[in-house]
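**Q** task: produce atomic coordinates for the following.
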Amino acid sequence: MRISTRGRYAIRLLLDLARNSKEGKPVRLADVAKRTCISRGYLEQLAIALKNNSLIKGIPGKKGGYCLAKPPECIRLHAVIQAAIGPISITDCATDPEICLMSHYCECRPIWTIINKRIVEVLNEYSLSDLMDASRLSGISARLTELDT
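**A** Numbering: from 1, shown residues only. Take a look at the predicted model:
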C-alpha cells in the first residue's frame, strides 16, 4: 500500500498550520504554499476535506485563513489520512468482506485484514505533535532501526 501524495500533503499542511498559527491566528494558504512548495490550488482542495472532517477551521475575511480545529496532540495521523484519501484499505475485502464473493473462504483475507489493522494502529499511535517534536522523532527513528534488525 502507498500513502498517496494527497495524504502526505495533508499532513504537511497540518504541520505547517500547527507551527505557524500562533495564538489561534489563521494562516493563509498562499503562505503555506510558499513554505511547503505545494500549489495553493492543491492546498485548497485539501483544506476542504480537512475542514469537512473537523481537523481545521476556516476564518473568512481579509485577515482570514486556516488554523487547527484541535490541538496537534489530538490530531492522529490516521484521521488526517482518512480525511484526505478515505479509509485505509489494502484490499477491498480487508474492510468489507461482502464485496468479494470469495472472502468467506479466501486463504489470504485474514492476512490482508491483519496488515490493514496494523497500518491503522500505527497511524493512530502518532499525532501531529509527535512529528513536531525532535526528541519524539528521534525515538521513532530508533524504533525503525530496531525493526530493521
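
**Q** for residue 20, which non-adjacent residue is closest in space?
**A** residue 27 (4.9 Å; C-beta to C-beta, 6 or more residues apart in numbering). Just so you know, the C-beta spots here come from the backbone N, C-alpha and C atoms, and that holds for glycine as well.

**Q** again with residue 26
**A** Using C-beta to C-beta, 6+ apart, the closest residue to residue 26 is residue 65 (3.3 Å).

**Q** hmm, that neighbour is touching residue 27, no?
**A** Yes. Residue 65 lies in contact with residue 27 (C-beta atoms under 8 Å); the separation is 4.8 Å.

**Q** quick revisit: list the residues that contact the residue nearest to residue 26.
**A** Contacts for residue 65 (C-beta atoms under 8 Å, 6 or more residues apart in numbering) come out as 26-29, 31, 58-59.

**Q** for residue 9, same thing?
**A** 36, 38, 42-43, 46, 84.

**Q** which of the contacts of residue 65 fall within helices?
**A** 29, 31 (DSSP state H).

**Q** SS state for residue 87?
**A** coil (DSSP: H, G, I helix; E, B strand; the rest coil).

**Q** look up phi and psi at the closest residue in space to it that isn't next to it in sequence.
**A** Spatial nearest neighbour of residue 87, excluding adjacent residues (C-beta to C-beta, 6+ apart): residue 95 at 6.1 Å. The phi/psi pair for residue 95 (degrees, to the nearest 10) reads phi -110, psi -20.
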